[in-house]
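Got a sequence here, can you model it:
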Amino acid sequence: MRLPVLVGVDGSEHAAAAAGLAAREAALRGVPLRLLHASPQLPGAVVPGPALHRLRDIGAQLLQRTAADLAGRHPDLRVESVQSDDAPAGALVAAAGDAGLLVTGMRGRGGFEGLAVGSVALRAAAAAPCPVVLVPSRPGTFAEHGTGQVVLGFDAHRPVGEVADFAFSAADARAAPLHVVQAWAFPAESVSSRSLVVTEEDRADWEDQEVLRLSDVLRPWQEKYPGVTVGSDLMLLHPAEALLNASGGADLLVVGRRAEPRAADGRLGPIAHAVLHHARCPVAVVPHGG
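Residues are numbered from 1 along each chain as shown. Sure thing, here's the model as predicted:
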């Protein structure tokens, strides 16, 4: 059985954008869409019974309205609804255990004006066992049409199959071009020290070697997905800066996250963390064991 697409809903603009993208993704994959509403975080260890019942009623109504709206837009889509009394972050991570993809808004109802990424989204991206797509409130044409460019952050010296496969698959499903970005900066001492200077000839030789390496490493995925048009760039920039520059006109940015079995709350690397806080398009964070 193919696993469903899971999305958290809380009535916010960000969650509505995430639900719309999740519905299109589920329809594209031919799998059910699972809506999850979790109890909002309240002060105190114990919530009075009547208040809890009212919160559940409000959540049930939100789920019903959202499901009806999405089913109206996607008549063939099977929509399921789930409620949880757990806090949103824990509920999403737990429910992602039997999902093929988790979609969440960059922010929900909490936080403060100007906050780029909320704590729930960060926890989901860092700890969910499946790939997570984080969606800004205005996710661009990726959500609407599915014909925009997909950008993949990649390192030919440490290729990660799960991340590359996700990006190629996403581009293939949408007949979208894939832009592969490999970034690397020369050590500071190599350009500032009098005893070690990188010449233009050195740089050109390095770039030629890296282009060949990148082409060789990507070949298995290009053979697996022959319909995907692939372009690649080597950038002498910090990886996060290179990815953000490349994703300026993109509709999906794909990065990896090393899965840490011993870290219960997971862990986001510095590149993924920076990208999430500054990206203007949906970002897919794909866990991997490499």
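
so residue 59 sits in a helix?
Yes: membership of residue 59 in a helix is supported by DSSP: H, G, I helix; E, B strand; the rest coil.

burial count for the nearest residue to it once chain neighbours are set aside?
Of all residues beyond its chain neighbours, the one nearest residue 59 is residue 37 (4.1 Å), with distances taken as CB to CB, 6 or more residues apart in numbering. The C-beta positions use only the backbone N, C-alpha and C, and glycine is treated the same way. By the other CB atoms under 10 Å criterion, the neighbourhood of residue 37 contains 25 residues.

In three-state terms, label residue 37 for me.
Residue 37 ends up strand, using three-state DSSP.

show me what contacts it?
Contact criterion CB atoms under 8 Å, 6 or more residues apart in numbering gives 8, 9, 10, 59, 60, 62, 63, 81, 82, 83, 84 as the residues in contact with residue 37.

Looking at those residues, which is nearest residue 182?
Closest approach to residue 182 among the contacts of residue 37 (CB to CB): residue 8, at 32.8 Å.

List the beta-bridge partners for the closest one.
Here residue 8 sits in beta bridges with residue 36, going by DSSP bridges.

before we move on, back to that, tell me the pLDDT at the residue nearest to residue 59?
At residue 37, the pLDDT value in this model is 94.

next one: residue 229
Reported pLDDT at residue 229 in the predicted model: 96.

Report the separation between the nearest residue to it once chain neighbours are set aside and residue 162.
Take residue 229 and drop its neighbours on the chain: the residue closest to it by CB to CB, 6+ apart is residue 177, 4.6 Å away. According to CB to CB, to the nearest Å, residue 177 stands 21 Å off from residue 162.

and what of residue 284?
Distance from residue 284 to residue 162, counting by CB to CB: 11 Å.
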